[in-house]
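Visitor: generate coordinates for the sequence data below:
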Amino acid sequence: MEIKRVNYEDLTAITNLVEAVSKVAVLPYFNDQGKQEYIARVLPDIKMTLDNDNFVSVKAVSNDALLGFAAMRAGNYLTHLFVSHQAQRQGIGRKLLQHLLDSTDAQEIKLRSAVNSVDCYLKCGFEITDQEGEFNGIRFVPMSLIKSKSHKSIYKERACQAL
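Guide: This next block holds a predicted model:
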């Protein structure tokens, strides 16, 4: 398994991966408005993550198969972290996240977690920073990770077991 930078040729495969994972792991937690909003806005926004001036976007691949995708905006905001159902619980999400964390000098990384992913991020050292929110029916939990000099060793020890 390799972690590589994403390119425009990956857009269709990434969109298909995010859509497949979202149908099972994200959309069931939204009301009808949230489902419509997610499909109308969030999925098409994946194309923006290919902007190398504003995003670091990576993919996990094995034998040319796309296993996962992650993106971070402005070096401090995790916007996407998706692993195919067949590849979950193999450490791929952890490796994608670690790659993004290693790519930035930012001391704080923020995200809006899907409600079903909160435990995964907690195991990786993120903390909940506010109560669950909702925007146009899309539920999320604001979270943050404060990196320290010892962050890498602590992170690797925890191994983000749920990812």
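
Visitor: quick check: the closest residue to Val83 other than its chain neighbours vs Glu2, distance?
Guide: Leaving aside its chain neighbours, Val83 sits nearest to Gly68 (4.1 Å; criterion: CB to CB, 6 or more residues apart in numbering). For the C-beta atoms, the positions are set from N, CA and C on the backbone; glycine is no exception. Using CB to CB, to the nearest Å, Gly68 is found at 11 Å from Glu2.

Visitor: do the same with Ser117
Guide: Counting by CB to CB - Ser117 and Glu2 are separated by 24 Å.

Visitor: neighbours of Asn76, how many?
Guide: 17 (other CB atoms under 10 Å).

Visitor: ugh, wrong one, I meant Phe135
Guide: Neighbours of Phe135 using other CB under 10 Å come to 10.

Visitor: what's the helix or strand for the closest residue in space to it that isn't next to it in sequence?
Guide: What sits nearest to Phe135 in space, not counting adjacent residues and going by CB to CB, 6+ apart, is Glu37, at 7.8 Å. Glu37 is part of helix 32-37, with elements assigned from DSSP states H and E.

Visitor: helices and strands around that helix, which ones?
Guide: strand 138-146 (3 or more CB pairs under 8 Å, 6 or more residues apart in numbering; DSSP states H and E).
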